[in-house]
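Chemist: Provided below are the primary sequence and the corresponding predicted coordinates.
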Amino acid sequence: MRTYFVVNPQSGNGQTGRKWPEISARLRSALGDFGHGFTSQPMHAAELARRSLFDGYECVVAVGGDGTLNEVVNGFFDSGKPINSKAAVGLIPRGTGGDFRRTFGWNLELSGAIERLSGDRSAPFDVGLLEFTGHDGSSCHRYFANICSFGVSGQVDAEVNRSSKALGGKVSFMLGSVKALLKYSDRSVKVSTDGAAPERLSVTTLAVANGRYFGGGMMVAPEADTSDGLFDVTIWSGYSLSDFVFKSKAIYDGGHVRFPGTRTLRCKRLSAQSEQEVLIDIDGEQPGRLPCAMTILPSAIRLRV
């Protein structure tokens, strides 16, 4: 497959840019010739991915973290449709959070990524479509590969993105969670799934999951499958800072689904609105707020595995 690498040189606290000559040499030895481009601003990865697909590349690889992968997946679509439904997305994990890779048990070793990319295995991959309200009040949309959520998770993003990630993904998100939970109280949200009548919920966080992990390693949706055509939805209600401290093991290993404050369901579409400000998290970024709607796009593209 003709392969194009979208490289975020700032990922891994800048290590990706510094090590790219070494990384690219190993890639060229294994894969032969390839194209590549470096990101320089928000959503640049989407632009590079889209351009490469129109240029005939069949596999586009995100070299970076969950945010880079999100942008690359957004580049697979034009005017609401996949540019090439047979094209595949790949990942060389280089970010601090690494939530997407955890679903597949991928580590940070370059050798593992090269093995995936040099083989011929790809799998159908569902993509989520988020329609939401931007910070300026405009109607926006964005695709997601892993998880979209709202509630305290959106507040955590805002805290984490204002700080350094030098301590790594898990520690950065834990500190961001502490700061956010000290300021946050549950929001009252009207939620509808698959066109059913809206239900009013008290929400600490509601996660609409394609993958299993978010927040630097929290297993929010233990049964999520990126190719089953369904979202796994997890709703946390009444969670406080003490819950995240004293129940952290269950939050990181998926045991929280048995707690009274956790509810789970599956759906193809979820919409939500609130009279309060409720911030959104999408693959670790904080693009806007409710109201929003999320729709699964089954097998929209393929994933190199």
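Modeler: Looks like it arrived, so ask away.
Chemist: if I look at Ala30, how far off is Arg18?
Modeler: The gap separating Ala30 from Arg18 is 21 Å, by CB to CB, to the nearest Å. All C-beta atoms are positioned from the backbone trio N, CA, C, and that covers glycine.
Chemist: hmm, I was thinking of Cys267
Modeler: Taken as CB to CB, the span from Cys267 to Arg18 is 43 Å.
Chemist: flag the shaky bits of the stretch 51-200 of the chain, pLDDT-wise.
Modeler: Residues of the stretch 51-200 of the chain meeting the criterion pLDDT under 70: 96, 161, 163-170, 173.
Chemist: now with 90?
Modeler: Across the stretch 51-200 of the chain, residues meeting the criterion (pLDDT under 90) sit at 95-97, 120, 155-183.
Chemist: what are the ranges of the helices in it?
Modeler: For the stretch 51-200 of the chain, applying DSSP state H, counting those that start in this stretch gives helices covering 66-74, 99-104, 110-118, 152-161, 169-183.
Chemist: other SSEs contacting the shortest one?
Modeler: In terms of contacts (3 or more CB pairs under 8 Å, 6 or more residues apart in numbering; DSSP states H and E), helix 99-104 is packed against helix 66-74, strand 88-93, strand 213-214.
Chemist: and that helix, which residues are buried?
Modeler: Using 16 or more other CB atoms under 10 Å as the test for burial, helix 99-104 gives Asp99, Phe100, Arg101, Arg102, Thr103.
Chemist: who touches it?
Modeler: Applying CB atoms under 8 Å, 6 or more residues apart in numbering, the set of residues contacting helix 99-104 from outside is 66, 69, 91, 93, 107-108, 145-147, 169, 211-217, 224, 226, 283-284, 305.
Chemist: filter those down to the buried ones, ChimeraX style.
Modeler: Selection of buried members from those for ChimeraX, criterion 16+ other CB under 10 Å:
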select :66,69,91,93,145,146,147,169,211,212,213,214,215,216,217,224,226,283,284,305
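Chemist: which one of the buried residues of helix 99-104 is nearest Ser240?
Modeler: Using CB to CB, Asp99 comes nearest to Ser240 of the buried residues of helix 99-104, at 22.9 Å.
Chemist: related to what we said a few turns ago, what's the most buried one of the helices of the stretch 51-200 of the chain?
Modeler: The highest average neighbour count among the helices of the stretch 51-200 of the chain, using mean count of other CB atoms under 10 Å, belongs to helix 66-74 at a mean of 27.
Chemist: what sits up against that one?
Modeler: Outside helix 66-74, the residues touching it (CB under 8 Å, 6+ apart) are 6, 8, 11, 39, 43-46, 48-49, 60-62, 89, 91, 94-95, 97-100, 127, 142-146, 282-285, 301.
Chemist: same thing with stretch 149-157?
Modeler: So stretch 149-157 is in contact with 173, 176-177, 179-181, 183-184, 186-187, 189, 203-208, 214-215, 220, 236, 239, 272, 278-281, 284-286, 289-290, 292, going by CB under 8 Å, 6+ apart.
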